[in-house]
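Student: pasting the sequence and the predicted coordinates here, then a few questions.
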Amino acid sequence: MESLISIENLCVDYRVREGWLSAVNGVTFDVGKGEIFALVGESGCGKSTIAYTIMRLFMDGNSKVTGKVEFEGRDLLQATDAQMEQIRGSEIGMIFQNPLDSLNPVYRSGRQVQEAILLDRTSRAEAWERVLALYRDVRIPDPERRSLAFPHELSGGMRQRVMIAMMLARKPQLLIADEPTTALDVTVEAQILAIMKTLRDELGASILLITHNFGIVAQLADRVGIMYAGELIEVGNVFDIFSDPRHPYSKALLSALPRIRKSKGRIESIEGSVPRIIGEFEGCRFSNRCPAAAPVCRTAAPAATKISDSHYIRCHHNPEGDEPSKVFT
């Protein structure tokens, strides 16, 4: 599959009182054209940091970013502010976690979507017709009336649909959805997921889905990347991850999911806590919680090793007994 965006050895550190906090470390993956790639992990593992880095939303003195983020051959980390202003919205769109915080409370919802369309030098009348069409696309009932409502007059599900409409207004090639169903009930969540999948199929856009919900991953994703403490520790297609997880953390995470029947046994928990990494760190970041940890896990960082063409892990432990081929360090 042809890649739309490729991320190579991305590292993001935040300046804190004690030094530099490692938020993302050595992350490498790509998203193909027309693909839905899901980033999964606990809160604070670096998922949203990757999204903000792609959009260049915090490039200031309090962060240090290295690596490459290539979008259609252009390194976004080297792009100027003016170039990024052209890319945001028109080529890469982002749905943020809380739509109420992302929408301006003093402007009507439809006017905010119209503003995005007007950036393409469309007439106001034509832009408004496009707003109503977008509201219909994202299944907002009575778009003529809802487009004139203020954000506080809309439910959480409706506000999220408005945000999706806004991001689709300029037909981006890549849509980043950061926890798109947070705080929504299961019925509305299912509707939002159906909308996203339909829009992917109809528009051919790629989606980078950021979530901690494996139910959403199972419904939407083509490939999955599992993150832990700022590192991408396993990547595979959705069938690899659910049927044959290889990393001890992936196995523990899936074992902690709720089960339908009691016969499946008790839900397992992962003992310990995620390390807060300041400065240099030796060894595997999961070693303090890993049941398979060996001495080497505490002294050397593992390289990414290939299990199959679509599946790799970052781990010293190899349950199959053979030596997987190294992918990168």
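Tutor: Received, thanks.

Student: now do whichever helix in the chain runs longest: distance to the chain's middle.
Tutor: Scanning the chain for the longest helix, with DSSP state H as the assignment, gives helix 186-203. Between the centre of helix 186-203 and the centre of its chain there are 16 Å (CA atoms, centre = their mean, to the nearest Å).

Student: quick one: Gly225 from Gly44, how far?
Tutor: Look at Gly225 and Gly44: by CB to CB, to the nearest Å, they are 16 Å apart. Where C-beta positions appear, they are placed from N, C-alpha and C, glycine not excepted.

Student: quick one: which of these two has more around it?
Tutor: Here Gly225 and Gly44 are set side by side on neighbour count (other CB atoms under 10 Å), and the busier one is Gly225, at 24 against 13.

Student: beta partners for the most centrally placed residue in the chain?
Tutor: In the chain, the residue lying closest to the centroid (CA atoms, centre = their mean) is Ile210, at 2.6 Å. When bridges are assigned using DSSP bridges, the partners listed for Ile210 are Leu39, Asp178.

Student: would you mind confirming that it is in contact with Thr181?
Tutor: No - distance between Ile210 and Thr181: 11.2 Å, which falls outside the contact criterion (CB atoms under 8 Å).

Student: follow-up on the earlier one: ok, and what's touching the longest helix of the chain?
Tutor: For helix 186-203, the external contacting residues (CB atoms under 8 Å, 6 or more residues apart in numbering) are 34, 36, 137-139, 155-157, 160-161, 164, 168, 171, 175, 177, 180-181, 184, 205-207, 216, 219-220.

Student: which among these end up buried?
Tutor: The neighbour count (16 or more other CB atoms under 10 Å) marks 34, 36, 137-139, 156-157, 160-161, 164, 168, 175, 177, 180-181, 184, 205-207, 216, 219-220 as buried among the contacts of helix 186-203.

Student: mind checking which of those are in strands?
Tutor: 36, 175, 177, 206-207 (DSSP state E).

Student: and which of these is nearest to Gly26?
Tutor: Ser206 (22.8 Å; CB to CB).

Student: returning to what we had before: give me the angle between the longest helix of the chain and strand 174-178.
Tutor: Angular relation of helix 186-203 and strand 174-178 on a 0 to 180 degree scale: 170 degrees, by axes from the mean of the first three to the mean of the last three CA atoms, to 10 degrees.

Student: buried sites along helix 186-203?
Tutor: Taking 16+ other CB under 10 Å as the neighbour-count basis, helix 186-203 is seen to contain the buried residues 188-189, 191-193, 195-196, 199-200.

Student: for stretch 13-25, same thing?
Tutor: Using 16+ other CB under 10 Å as the test for burial, stretch 13-25 gives 13, 20-25.

Student: farthest pair in those?
Tutor: Between all members of the buried residues of stretch 13-25, the longest pairwise span (CB to CB) is found for Trp20 and Val24 and amounts to 12.0 Å.

Student: re earlier: against Val40, how distant is the residue nearest to the centre of the chain?
Tutor: 8 Å.

Student: could I get the full set of helices for the chain?
Tutor: Taking DSSP H, the helices of the chain run over residues 47-55, 81-87, 99-102, 109-118, 124-137, 143-146, 156-168, 186-203, 214-220, 238-243, 248-255.

Student: shared neighbours, Ile210 and Val40?
Tutor: With CB under 8 Å, 6+ apart, Ile210 and Val40 have common neighbours Lys47.

Student: tell me which residues are up against stretch 237-249.
Tutor: Outside of stretch 237-249, the residues that reach it under the criterion CB under 8 Å, 6+ apart are 38, 217-218, 221-224, 226, 228, 233-234, 236, 250-251, 253-254, 270, 286, 289-292, 307-308, 310-311, 313-315, 317, 319.

Student: now the buried members of these.
Tutor: Buried among those by 16+ other CB under 10 Å: 38, 217, 221-224, 226, 228, 233-234, 236, 250-251, 253, 270, 286, 289-290, 307, 311, 313-315, 317.

Student: Glu8 - how many residues pack around it?
Tutor: Around Glu8 sit 15 other residues, with neighbours defined as other CB under 10 Å.

Student: contact partners for the residue lying closest to it once chain neighbours are set aside?
Tutor: Of all residues not flanking Glu8 in the chain, Lys68 sits nearest, at 4.3 Å (CB to CB, 6 or more residues apart in numbering). For Lys68, the contacting residues are 6-10, 75, 77, taking CB under 8 Å, 6+ apart as the criterion.
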